[in-house]
Structure formats: C-alpha cells, structure tokens
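Q: below are the sequence and a predicted model for it; my questions follow.
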Amino acid sequence: METAVSGAKVQAAGSGPLTLTLPDGGQRRFDGPVSGAELAASIAKSLARKAVAVVVDGTLYDLDRPIAHDASVRLLTADDIDDPELLGLIRHDCAHVMAEAVQDLYPGTKVTIGPAIEDGFYYDFDRAEPFTPDDLVRIEARMAEIVKANRPFTRQEVSRAEAHERFARLGEGFKLEILDAIPEDQPVTLYYQGDWFDLCRGPHGPSTGRIPAFKLTKVAGAYWRGDSRNPQLQRIYGTAWATKAQMDAYFERIEEAERRDHRKLGRIMDLFHFQEEAAGSAFWHPNGWTLWRTIEAHLRRRLEAAGYVEVKTPQLIDHSLWQRSGHWDKFRHNMFTVEDGDRILAIKPMNCPGHVQIFKQGLRSYRDLPLRMAEFGSCHRNEPTGALHGLMRVRAFTQDDAHIFCAFDQIEGETKAFCDLLAQVYRDLGFPEFRVKFADRPEVRAGEDHVWDEAEKALKDAVAATGIPIEMNPGEGAFYGPKLEFVLTDAIGRDWQCGTLQVDLILPERLDADYVGQDGQKHRPVMLHRAILGSFERFIGILLEQHAGRLPLWLAPVQVVVATIVNDADAYALNVAEALRRAGLRVETDLRSDKIGYKVREHTLAKVPLLLAVGKREAEDGTVSLRRLAGGAQEVLALDRAVPHIRDEATPPGV
C-alpha cells in the first residue's frame with residue numbers, strides 16, 4: 001500500500017519527495033525530509049505515543065532526527081520488549097542518567113565513557129574517593145528522580161571548537177581526548193537531558209521517563225582505554241530492562257548462575273584451584289583430572305572412529321616459523337617468548353603451523369587426502385590479568401585441535417562429516433542443540449580478496465549442503481579464512497561459542513605445503529582448522545555450569561560412594577566397593593562413625609551421583625540401599641544385581 005503524506009512542517013524541511021517502506025511492504029510518501037515521530041503520527045496516534053526510535057535501513061535513529069532519503073524503516077516501540085535494539089536504547093539512556101546523577105551528587109567527578117553492554121550498561125568515572133555500596137543506593141535514588149522528571153533527550157550537532165570549549169570549561173579532560181579522536185569526516189554531536197549533556201553519537205529515546213526498570217549492580221576498577229599505564233577509574237555497572245518482570249527474571253538468572261558458578265563447584269567437588277603464583281593456569285586435583293581424562297578418552301574414541309590420526313607438536317618453536325605463518329604480526333603481543341642465545345623462541349599459542357610441518361614430511365599424494373590430524377595441544381596466551389576468569393579465560397589451555405588437509409572438492413564432504421561429529425559429541429555431553437554463525441572476512445586479514453571470495457563461497461556451499469541454518473557474523477572471521485562458529489545455549493539460556501570450522505587457503509601457501517595430484521603436478525591442500533570443545537578448560541567450566549555439577553554418571557569423577565550405616569558393616573562396605581571397582585567404576589568408601597544422614601548430605605553437596613548405604617541388615621542379606629543425587633525413591637538391590645546395573649548405566653555413550 002502506498003500513502004502520500006504532506007504538511008506544512010514536512011514541506012518546510014524541503015529537499016524533495018521521498019518514499020519510506022514499512023516492514024509489511026507498505027509505503028508512505030512525503031514531500032520532504034521527515035522524522036520518525038512524524039512518520040509514527042502519520043500512521044496512528046497510538047503508535048506515536050508508543051514509538052521510541054526508528055530503524056532506517058538497519059541503522060537506529062532518534063525519533064526527531066530527519067530521514068532525508070528513500071529508505072526501509074521500522075518504528076521501535078515500547079511494546080517491543082524483547083527487541084535488542086530497544087533494550088540497547090534503554091540501557092544507553094540509563095547510562096547517561098547515571099552519569100548525571102553521579103555528577104549531581106559528587107561534584108568534581110569526571111566522566112569518561114558509558115556504553116550499553118549485554119544485559120546492562122556501565123559508566124567509568126574519575127573520582128579520588130572510592131564509591132561504596134551506600135553510594136550506589138544514593139545514585140540509584142537520584143536516577144529515579146531524573147527518570148520521573150521525564151526530561152527530553154535532545155541531539156545537538158556542534159563544531160569541534162564549540163564542543164572543545166564546552167568540555168574545557170567543565171574540566172572534562174577525558175572528553176577532550178575522546179573528541180580529538182573523532183575522525184574529521186564524522187560529525188560531533190552532544191546529547192542533552194535538561195542542562196546536563198554528554199559527547200555522544202546516540203541515538204537515545206525520547207526522554208528520561210521512558211526508562212521502565214533499572215538497578216545498579218556493582219563497582220569495579222577500570223583503566224582509561226583499558227591500558228594499565230593510564231589512570232585508574234571507577235566503573236559503576238547497572239542493568240535496565242523494558243519491564244520490571246524482565247528485570248526480575250534477569251536477577252533470578254543471575255542467582256541461578258551464581259549457584260552454578262564453576263569456580264564454586266570446583267571447590268565443592270574438589271576439582272581444581274587457582275593461585276596468584278600461576279595466574280591463569282589451573283591446578284587440577286585428582287577429581288578434576290579424572291573428569292578431564294574421561295572427556296579426553298571419550299573424545300579420542302570419537303576421533304578415532306571418524307578417521308583422525310593423533311599427533312603431538314613442540315611447545316617451543318623459533319619465532320621465524322611464526323613470522324612465516326603470519327601469526328607473529330597478528331599475535332605477538334599475546335605470545336610468551338624465551339630467549340636462547342641470539343634466537344627468540346615462542347611458546348605456541350596455537351597448533352596450526354606445527355601440523356603443517358608434519359604434513360610436509362615426506363611426499364604427500366592425493367591418495368593421502370583427506371588427512372585428519374588431531375592434537376590435544378597445550379597452548380599459552382598472554383591474556384591480561386584483569387581478563388582472567390576461572391576456567392573460562394585462562395593463559396594455559398589445551399585445545400581439542402585438528403586440521404584437515406584436503407582437496408578443494410573435498411571441503412563439502414569434510415564439513416558435513418565434521419558437523420555430524422560435533423553434533424554427536426555435544427549430545428554425548430548434554431548439549432542437544434546448537435546454533436551456527438558464519439563469520440566472514442575481517443578488516444585486518446591475510447590474503448587477496450579473490451582468495452577470500454573463493455574460501456567464503458566454498459564454506460557457504462558446504463554448510464548449505466548440510467542443511468544447517470546459519471546466522472551471519474560479519475567481519476569476525478579468522479585472519480586467514482572464514483569460519484563457522486558453533487554456539488551452545490546452556491540450561492539457563494546463556495550462549496557459549498565453542499566449536500569452530502575454518503577454511504584456510506593461505507597458511508598452506510605461506511608454509512609451502514603441497515601434495516601430488518592425479519595429474520602428477522603439485523597442488524596446495526586446503527587446510528580446515530576445526531575444534532569441537534574449543535579448549536578443555538573452558539568447556540569443563542561450561543559443562544559444570546550446564547549440569548550445575550550434577551554430571552551424568554559416566555562423567556562424574558566419583559561415581560559411587562559406599563557409606564556405612566554402622567561400623568559393623570565396614571568389611572562388607574569394602575567388599576561392595578571392590579566389586580564395583582572390578583566392574584570399572586570409580587568408587588570411594590565412607591567408613592566414618594558419623595550418622596548416615598550427615599554422610600548423605602555431605603556427598604550430595606559434593607555432587608556424587610550414587611550413594612550405596614550399607615548396614616548390618618544389608619551385610620547379612622548381600623544387598624545395598626541405593627540413593628541417587630537426582631532424587632527419587634531409595635532402592636534396595638542385591639549386590640550381584642546392583643553392580644552390573646550401575647556398570648551399564650555408567651557406560652559412556654557410543655561404547
């Protein structure tokens with residue numbers, strides 16, 4: 001449907017007619033530039049009341065910003081409560097309100113940056129005194145007053161000189177530094193809410209009163225521009241939502257995430273610990289290492305069945321190899337290095353160049369392809385101390401890495417085979433569903449555009465053949481090739497990018513890898529970089545949080561505890577444990593004199609899946625009383641029935 005709209009205000013803006021296309025395909029024509037607010041009013045008064053912003057050809061605009069060209073538009077309203085654009089807008093608004101509240105309450109505080117982030121927002125402040133929890137209460141109360149005042153957000157484009165004068169007058173040195181960094185071809189815009197203003201690209205909602213629900217959450221330290229050589233600032237975090245119900249649900253998720261925190265579970269289950277002397281490196285305890293080895297053994301079985309060969313490459317490699325591969329220029333700042341006389345050795349941050357060296361040993365033929373080369377490779381990366389986070393962000397990690405060397409026409413078959421393998425492993429570990437993102441060429445990359453065109457088309461065609469739908473993740477490919485990113489969603493709705501498949505036509509060229517084709521000539525192989533878990537450390541952290549520590553029986557480090565009800569049953573308990581061990585189960589005994597209720601609570605807290613209680617009667621009858629961590633009725637089973645029953649239940653998938 002096409003509707004012509006005209007009016008004195010629109011005509012006064014003046015630069016010729018334009019057509020705006022709505023999401024349903026309908027079109028509206030105007031005599032000249034028109035704002036989102038005017039567009040909404042031309043459709044319905046109710047829409048004008050609810051509208052908060054307008055999306056113009058995919059870019060979010062303030063409601064009062066003129067649209068001066070033909071465009072596809074979508075009005076964003078307060079009813080679009082799950083729309084990421086609306087939530088981002090609310091959070092950006094809230095960051096500005098918080099900054100005003102802080103400067104109202106604590107004169108002399110300087111502001112820096114305040115973006116919206118996932119689930120919330122923050123603002124960095126320069127203030128001599130530290131903010132306290134009581135300060136957050138005061139700031140939040142002042143924010144509520146600013147929201148209630150319903151002050152309009154007003155965009156003002158100014159000259160650099162004018163902006164510089166305004167911030168210099170206020171003594172806002174950080175803002176002057178930001179201002180100086182704005183490219184000359186970009187406009188300088190200020191956003192006002194009443195008398196308070198900030199240097200900001202926008203957009204913002206119509207007014208402060210359109211922030212429905214918010215709460216400040218914590219204070220943390222931060223460095224200006226993330227550099228430890230710069231001044232230290234104070235970062236106040238908050239969250240904001242389109243409804244109070246959304247915010248309540250968010251805090252419920254946070255509480256659940258805290259209950260599932262892998263660091264807490266690591267202590268409870270006695271799996272691992274960290275300490276300052278080895279920042280970013282885990283100390284694996286016997287239970288944790290048992291879990292690790294169980295996952296590794298299972299993955300190795302799956303890899304062997306899928307036709308992979310396993311290799312091991314050196315930890316220390318001369319930096320000249322990393323220069324030839326291109327990693328030295330890209331990753332040098334993340335590499336740990338060692339000097340050996342006049343040589344510089346690098347501790348490997350990834351396994352790729354080493355696998356190419358193995359491929360190059362001897363003369364390879366097309367008959368050798370595809371060659372699927374796997375390694376549980378120990379790698380190190382110099383992550384900033386402030387970024388380290390339990391097992392989720394470490395410096396020392398082990399990749400379940402593999403590289404598939406294949407001919408170009410084998411990309412499709414290998415992609416499908418890998419996707420099937422990855423899906424099977426994820427199902428085995430309790431993740432039945434995943435999403436796939438396609439990440440194409442980054443801004444900084446190796447290789448010519450025609451090589452990227454070829455690689456991107458090959459990967460798109462290959463994933464299309466699998467029938468797996470993809471989402472686009474523009475500009476996030478590896479520096480040597482496009483990639484698929486496999487994203488898991490855990491039990492409480494969080495996304496984790498774990499697996500990856502990358503098509504690389506560049507590294508084999510740089511490192512001079514080739515094979516002899518059917519024509520007797522040398523050809524470059526395609527190199528598919530792939531991982532399923534990503535890193536053992538991070539995946540184990542995700543796994544613990546997914547299952548809240550209640551791991552499937554086959555994965556549990558301690559599968560069964562045999563606990564005595566009375567000391568008279570000690571000898572029988574030891575016999576029961578031995579029978580279970582002979583069946584290949586991981587068993588501990590608890591022969592302490594404590595009451596059985598206390599033992600049950602303790603082992604339940606430690607997430608042991610099965611507890612076999614034995615007392616005088618069980619010893620006389622040759623039975624066990626079986627209790628499950630998952631709950632349910634207690635079972636009394638004959639020992640000769642219980643052992644094979646538990647053994648079968650504890651068998652890994654696919655064995």
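A: Perfect, I can see it now.
Q: low-confidence ranges, the protein, go.
A: Across the chain, residues meeting the criterion (pLDDT under 70) sit at 1-15.
Q: break it into its domains for me.
A: Per the record, the chain has its domains at 2-77, 84-257, 310-542, 560-649, by automatic domain parsing.
Q: between the ones you listed, which one is closest to Trp554.
A: domain 560-649 (8.1 Å; Cβ to Cβ). Heads up, the C-betas are built off the backbone N, CA and C, glycines and all.
Q: can you pull up the most central residue in this protein?
A: In the chain, the centroid-proximal residue (Cα atoms, centre = their mean) is Trp496; its distance is 4.6 Å.
Q: any idea which element that one lies in?
A: According to DSSP states H and E, Trp496 maps onto strand 495-504.
Q: likewise for Phe251?
A: Secondary structure assignment for Phe251, by DSSP H and E: helix 244-260.
Q: okay if I get the domains of the chain as a markdown table plus distance to Ala297?
A: Putting the domains of the chain into a markdown table (distance: least, Cβ to Cβ, whole Å) gives the following:
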| stretch | distance to Ala297 |
| --- | --- |
| domain 2-77 | 48 |
| domain 84-257 | 30 |
| domain 310-542 | 11 |
| domain 560-649 | 12 |
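Q: after the strand holding Trp496, which helix or strand is next? Please name it.
A: Next helix or strand after strand 495-504 toward the C-terminus (DSSP H and E): helix 507-510.
Q: quick one: buried residues of the helix or strand harbouring Asp648?
A: Assigned by DSSP H and E, Asp648 belongs to helix 639-649. Using 16 or more other Cβ atoms under 10 Å as the burial criterion, the residues of helix 639-649 that qualify are Leu639, Ala642, Val643, Ile646.
Q: equivalent analysis for stretch 34-43, please.
A: If you call a residue buried by 16+ other Cβ under 10 Å, then stretch 34-43 has these buried ones: Val34, Ser35, Gly36, Ala37, Glu38, Leu39, Ala40, Ala41, Ser42, Ile43.
Q: in stretch 429-448, which residues are buried?
A: By neighbour count on 16+ other Cβ under 10 Å, the buried set for stretch 429-448 is 429, 431, 434, 436-442, 445-447.
Q: same check on stretch 487-498?
A: Val487, Leu488, Asp490, Trp496, Gln497, Cys498.
Q: okay, and the beta partners of the fourth one?
A: When bridges are taken as DSSP bridges, the partners of Trp496 come out as Leu488.
Q: isn't it up against Glu485?
A: No - contact criterion Cβ atoms under 8 Å: Trp496 and Glu485 do not qualify, at 10.5 Å.
Q: all the strands of the stretch 301-450 of the chain, residue numbers only.
A: 309-310, 316-318, 337-340, 343-347, 371-380, 396-406, 434-439 (DSSP state E, counting those that start in this stretch).
Q: what strands flank the fourth one, and is each parallel or antiparallel?
A: Within its sheet, and counting by DSSP bridges, strand 343-347 is paired with strand 316-318 (antiparallel), strand 337-340 (antiparallel).
Q: buried deepest among these, which one?
A: With neighbours taken as mean count of other Cβ atoms under 10 Å, these reach their highest mean count in strand 316-318, at a mean of 14.
Q: can I get the buried residues of stretch 487-498 in JSON lines with distance to Asp409?
A: Compiled in JSON lines, these are given as follows (distance: Cβ to Cβ, whole Å):
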{"residue": "Val487", "distance to Asp409": "29"}
{"residue": "Leu488", "distance to Asp409": "31"}
{"residue": "Asp490", "distance to Asp409": "37"}
{"residue": "Trp496", "distance to Asp409": "33"}
{"residue": "Gln497", "distance to Asp409": "29"}
{"residue": "Cys498", "distance to Asp409": "29"}
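Q: and the furthest pair within those residues?
A: Of all pairs in the buried residues of stretch 487-498, the most separated under Cβ to Cβ is Asp490 and Gln497 at 12.1 Å.
Q: who's in contact with the helix holding Asp648?
A: Under the contact criterion Cβ atoms under 8 Å, 6 or more residues apart in numbering, helix 639-649 has outside partners 553, 559-560, 576, 579-580, 583-585, 610, 612, 622-624, 626, 637.
Q: and the strands of the stretch 301-450 of the chain: which comes nearest Phe214?
A: Minimum separation from Phe214 across those (Cβ to Cβ) falls at strand 434-439, 29.6 Å.
Q: got the CA coordinates for that closest one in CSV?
A: Taking Å, rounded to 0.1, in the frame of the first residue of the first chain, the C-alpha atoms of strand 434-439 are listed here in CSV:
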residue,chain,number,x,y,z
PHE,A,434,23.5,-25.6,18.9
ARG,A,435,23.4,-22.7,16.5
VAL,A,436,25.9,-21.9,13.8
LYS,A,437,27.2,-18.5,12.8
PHE,A,438,29.1,-17.7,9.6
ALA,A,439,32.0,-15.3,10.2
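Q: next, the angle from it to strand 495-504.
A: Here the directions of strand 434-439 and strand 495-504 differ by 50 degrees (axes from the mean of the first three to the mean of the last three Cα atoms, to 10 degrees).
Q: just checking, what packs against strand 434-439?
A: helix 411-428, helix 449-466, strand 471-472, strand 483-489, strand 495-504 (3 or more Cβ pairs under 8 Å, 6 or more residues apart in numbering; DSSP states H and E).
Q: can you put the ones you listed in a markdown table and add distance to Lys595?
A: What follows is the helices and strands packed on strand 434-439, written out as a markdown table (distance: least, Cβ to Cβ, whole Å):
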| stretch | distance to Lys595 |
| --- | --- |
| helix 411-428 | 38 |
| helix 449-466 | 56 |
| strand 471-472 | 54 |
| strand 483-489 | 41 |
| strand 495-504 | 41 |
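Q: all set now, cheers.
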